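> just to be clear, the model below is a prediction. Sequence and coordinates:
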Amino acid sequence: MSQLGAVKVEVTVVLGRSSMPIQQFLRMGRGAVIPLDAEEDDEVWILANNHPIARGEIQIQGDRVTVNITGPADVNAFYAAA
């Protein structure tokens, strides 16, 4: 069990996605706004080592942003939205 405890997992939370021409991206500067394909109450994707594992809700607790896990991820839905 001690070896398992040493395994590192990168956890990523995906709020939304956006697609744009590279030229538009390169022209962006400080203060630029990138629109996402997400609404305010949409669940976020939780990834472990870039693989979708769960869905969750963003919560603000004081000055911290946290994620409340709401259920398992549908891998097919994640890749279909890409």
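On my side now, so go ahead.
> strands of the protein, start to end?
11-14, 44-48, 51-61, 64-72 (DSSP state E).
> okay, now the unreliable bits of the chain?
1 (pLDDT under 70).
> just give me the residue closest to the centre of it.
With distances taken as Cα atoms, centre = their mean, residue 14 lies nearest the centre of the chain, 1.0 Å away.
> got the contact list for the nearest residue to that residue once chain neighbours are set aside?
The shortest distance from residue 14 to any non-neighbouring residue, by Cβ to Cβ, 6 or more residues apart in numbering, is to residue 45 (4.1 Å). Every residue, glycine included, has its C-beta placed from N, CA and C. Contact analysis of residue 45 by Cβ atoms under 8 Å, 6 or more residues apart in numbering lists 13-14, 52, 55, 73, 78.
> closest to residue 61 among those?
residue 13 (14.9 Å; Cβ to Cβ).
> report the beta-bridge partners for the closest one.
For residue 13, the beta-bridge partners under DSSP bridges are residue 46.
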